[in-house]
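Trainee: I would like the atomic coordinates for the input below:
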Amino acid sequence: MPRKLATSQKWDRILAVAALIILSGVWVAGTFRAQEDLEPFLKQALPEADHFTLGDSGNFAAWKDIDEKELIGYVAVDSGYGYGGDLHLAVALTLDGSIEGLAVVDHKETVAFFGRVLRRGVLDGLKGKNFSDPFVLDQDVDSVTGATYSVKALADAARKASRSVASRNLGYTVAPEPTPKIRFGFSAAVLSGLFLFGIIGRSRRFRYKKTARWISMLAGLFILGFVFNKPLTMVLVNRMLLGFFPQWQLHLYSYILLAGILFITFVDNKNPYCEWFCPFGSAQECLAVIGGGKKRLPKNVHIALRWFQRVLALGAILVALFYRNPSISSYEVFGAFFHLIGNNFHFVLLGVVLVAALFIRRTWCSYLCPLRPVTDFIRLVRNWIRDVWSQAGKTLYYNKDVRDR
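Mentor: Just a heads-up that it's a prediction; the model follows:
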């Protein structure tokens, strides 16, 4: 006989499927919206064109007239990784593979430094370059003192966009992009060590679990938080959901972090990051030691706040997917706590959370963190698959037993 599910478990699964359907719909809507939002930048990159059409190659064909009788070039949007993150650039090419114009679609660089880059005429310096040029700083691209990362991001985006058009639309043979060297830095090594330490510390045979956990939490707080300032954020999750995958060779830390949480949670049904070395979670536990931090909220209030947390997280993800901007809906307070970076809202929310954490254990983690609903969803899927697998096994065994009789 099939195992009967509890009513709450049924509703959890129904709502999880509904959330997936909504997320998928908004992801598609965001894709179409992003295409519409690109129109001004396409026009800025190639003002002579009156009409743009998106082709199967992912690039835009630029037409002289709306009847699409005269093709005058192509526009591709690509990205380079700057100081603050991805920088997106619209690059217009003529039919001979030369850059005709450029327009910055989006960037996360420091405003003052990026303004200096634009004033120094870096974009003008990229005009006229051919897809076959190297696009290398201090070789055929002039650098700007104090803004090297920003200039390199522009050059990389222009190179990738021009070569995309040349190979996909113009039929030229283009040399493949060089594979970057793997960078397994100190931060990735520390993170890997913390995951391993957490696995060992949580094993049943390990006697000093409490001591090990505090060592792990303090290491996460000071090293991952204050030294590297690399806690897991919803921005990273949104980037992956949007398909903005950074090169793994250069961003091993992010991939180790996500893969470690997904794999261990799916296999062991426990999240080692949040409970053992999340920097902000560790800070809250330190505050709980000072203030007591054992007060429990009434059950109905606790349940209401947990559902508020889930709805808030879902809303943040939906906004990010619709606007195709991983950070647009971020309300996390990690930057304000570890590096005093944020707006008034972040600092006010941080103050409220820190005071509450003195009396209620892990206030942020329990009722506000957008990542907890994500890990809850992983657990729900994991248990659902386990139940289906178990039921399938019982059914096969029952059918075999009936046949044998």
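Trainee: just give me the neighbour total for the residue lying closest to I378 once chain neighbours are set aside.
Mentor: Distances taken as C-beta to C-beta, 6 or more residues apart in numbering place T265 nearest to I378, at 5.1 Å, with adjacent residues excluded. (C-beta placed from N, C-alpha, C; glycine too.) By other C-beta atoms under 10 Å, 20 other residues sit near T265.
Trainee: quick one, what contacts V333?
Mentor: F280, G342, H346, L349, L350, V353, W364 (C-beta atoms under 8 Å, 6 or more residues apart in numbering).
Trainee: ramachandran angles for it?
Mentor: Here is the backbone geometry of V333 (degrees, to the nearest 10): phi -110, psi 10.
Trainee: skipping adjacent residues, who's closest to it in space?
Mentor: Nearest residue to V333, sequence neighbours excluded (C-beta to C-beta, 6+ apart): L350, at 4.2 Å.
Trainee: run a quick neighbour tally on that neighbour.
Mentor: Quick note: L350 (other C-beta under 10 Å) scores 20 neighbours.
Trainee: buried ones in whichever strand or helix holds it, by neighbour count?
Mentor: Using DSSP states H and E, L350 maps to helix 344-357. Buried positions in helix 344-357, judged by neighbour count with 16 or more other C-beta atoms under 10 Å: H346, L349, L350, V353, L354, A356, A357.
Trainee: repeat that for stretch 67-76.
Mentor: Applying 16+ other C-beta under 10 Å to stretch 67-76 flags I72, G73, Y74, V75, A76 as buried.
Trainee: also stretch 184-200?
Mentor: For stretch 184-200, by 16+ other C-beta under 10 Å, it's S187, A188, V190, L191, S192, L194, F195, F197, G198, I199.
Trainee: nearest to P326 among the buried residues of helix 344-357?
Mentor: Ranked by distance to P326 (C-beta to C-beta), the buried residues of helix 344-357 are led by H346 at 16.7 Å.
Trainee: so for the nearest residue to that closest one once chain neighbours are set aside, what's the pLDDT?
Mentor: Nearest residue to H346, sequence neighbours excluded (C-beta to C-beta, 6+ apart): A336, at 4.2 Å. Per-residue confidence (pLDDT) for A336: 87.
Trainee: ditto for V353
Mentor: pLDDT, read off for V353, is 97.
Trainee: and if you look at D78?
Mentor: 93.
Trainee: report how many residues lie close to it.
Mentor: 22.
Trainee: assign it to helix, strand or coil.
Mentor: strand (DSSP: H, G, I helix; E, B strand; the rest coil).
Trainee: isn't R362 right up against A288?
Mentor: Yes: between R362 and A288 there is a contact at 7.4 Å, judged by C-beta atoms under 8 Å.
Trainee: between the two, which one's more packed in?
Mentor: Per other C-beta under 10 Å, whichever of R362 and A288 has more neighbours is R362, with 24 against 19.
Trainee: what's the closest non-adjacent residue to the more buried one?
Mentor: Q284 (4.8 Å).
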